[in-house]
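**Q** Sequence and computational prediction follow.
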Amino acid sequence: MSMSDDELRRARARSAAARETLTRTIVEIQHRLSPRVLMEEAGQELREKAVDLFDQGIAQARARPGVVAAIGAALLAYLLRGPIFRAIWGLITQNGETEPDEQALTARAISRAAARPPEHEEL
């Protein structure tokens, strides 16, 4: 059983077409698996997920404004904790004055002692 020339040409043409299809498929797979393309696809997917999360967050915030206000107040209190602490400490300690040092305490004790009337000693 030998093939005729026409059958042989058709077989070679099918073979060449199959090789060309296989080559295109391999090139396409190599392109899809290249690091640059993978990074672009990952970045695009990440952007889409971020937009979805942002939209969900906005929807939740609109549904629960009290929770958003509480979180905002807590965040603001955390960021301003130093000035808030100093203000409260100033109210607690002598209307904003700092604690007196040892010399001031000694001077205060001497002036109080001088202001007291003398004690009578019995002999």
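**A** Happy to help now that I have it. Numbering: from 1, shown residues only.

**Q** Number of residues surrounding Arg14?
**A** Using other CB atoms under 10 Å, Arg14 has 10 neighbouring residues. The C-beta positions use only the backbone N, C-alpha and C, and glycine is treated the same way.

**Q** Roughly how far does it sit from Glu20?
**A** 11 Å (CB to CB, to the nearest Å).

**Q** what's the answer for Ile92, then?
**A** Noted for Ile92: a distance of 86 Å to Glu20, by CB to CB.

**Q** moving C-terminal of the host helix or strand of Ile29, what's the next helix or strand?
**A** Taking DSSP states H and E as the criterion, Ile29 maps to helix 5-32. Following helix 5-32 in sequence order, the next helix or strand is helix 35-63 (DSSP H and E).

**Q** Can you list the low-confidence ranges for the protein?
**A** Low-confidence segments of the chain (pLDDT under 70): 1-2, 94-100, 120-123.

**Q** same for the helix holding Ile29, what does it pack against?
**A** Applying 3 or more CB pairs under 8 Å, 6 or more residues apart in numbering; DSSP states H and E, one finds that helix 5-32 contacts no other helix or strand.

**Q** what's the spacing between it and its chain's center?
**A** 52 Å (CA atoms, centre = their mean, to the nearest Å).

**Q** try stretch 70-81
**A** That offset, for stretch 70-81, works out to 15 Å (CA atoms, centre = their mean).

**Q** Kindly export it (C-alpha atoms) in CSV.
**A** This file holds the C-alpha atoms of stretch 70-81, laid out as CSV (Å, rounded to 0.1, in the frame of the first residue of the first chain):
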residue,chain,number,x,y,z
ALA,A,70,-16.4,55.8,67.1
ILE,A,71,-13.4,54.4,65.1
GLY,A,72,-12.6,58.0,64.0
ALA,A,73,-12.7,59.3,67.5
ALA,A,74,-10.5,56.4,68.8
LEU,A,75,-8.0,57.0,66.0
LEU,A,76,-7.9,60.8,66.7
ALA,A,77,-7.5,60.2,70.4
TYR,A,78,-4.6,57.8,69.7
LEU,A,79,-2.9,60.3,67.4
LEU,A,80,-3.4,63.2,69.8
ARG,A,81,-2.7,61.1,73.0
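
**Q** Good, wrapping up.
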